[in-house]
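# Mind looking at a prediction? Sequence and model below.
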Amino acid sequence: MRSDGERLDPKIQDFARWRDTIAHKARERNIPMENLRRFDQAHAPAYKLKDLKMMERGHAPESVRNRVERVNEREIFRPSRPEGVQSAAESTLHLVQVVFWHSPTPSIGWLPSSLRASARAHS
């Protein structure tokens, strides 16, 4: 509820602003925190309740069993769609920038050659 008694109706932009604010306030208090969307965290896609029910009954196809297993083991998700691959590349580049910024002796030797030029350009 808002202070005027109205219900909150948050939009995606509101959540992004809230994440920015919380991360900023945490950094002011020397708590290392970044504004990170759940999509950018590389979690495997979630499973549904119906997937669990199928598993319990022993009728789950292999794809469902694999999905549940990947989530339970916190496996890193590797996107296959172009927009997911692009987002993953951008997140990796952001990580490189953070490592460069905080490292006393930055090294990009561990990066794939396709990202090294971008890392140098953004450092």
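Received the coordinates, thanks. Numbering: from 1, shown residues only.
# Would you map the strands across the chain?
Here the chain has no strands by DSSP state E.
# ranges for the helices of it?
12-28, 49-57, 62-72, 82-102, 113-122 (DSSP state H).
# Between those, which one is closest to residue 4.
Closest to residue 4 of the helices of the chain, according to C-beta to C-beta: helix 12-28, at 16.5 Å. Any C-beta I mention is one placed from the backbone N, CA and C, and that applies to glycine too.
# Turn the helices of the chain into CSV, columns for mean neighbour count.
Output for the helices of the chain, formatted as CSV (neighbours: other C-beta atoms under 10 Å):
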stretch, mean neighbour count
helix 12-28, 12
helix 49-57, 12
helix 62-72, 14
helix 82-102, 13
helix 113-122, 12
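# right, so of these, which gets closest to residue 37?
helix 12-28 (7.4 Å).
# Give me the contact list for that closest one.
With contact meaning C-beta atoms under 8 Å, 6 or more residues apart in numbering, helix 12-28 is reached by 10, 32, 33, 34, 35, 36, 37.
# Look up phi and psi at the third one.
By that I understand residue 33. phi -150, psi 140 (degrees, to the nearest 10).
# what's around it, how many residues?
Using other C-beta atoms under 10 Å, residue 33 is surrounded by 13 other residues.
# ok, now how distant is it from residue 23?
Remark: distance between residue 33 and residue 23 (C-beta to C-beta, to the nearest Å) = 5 Å.
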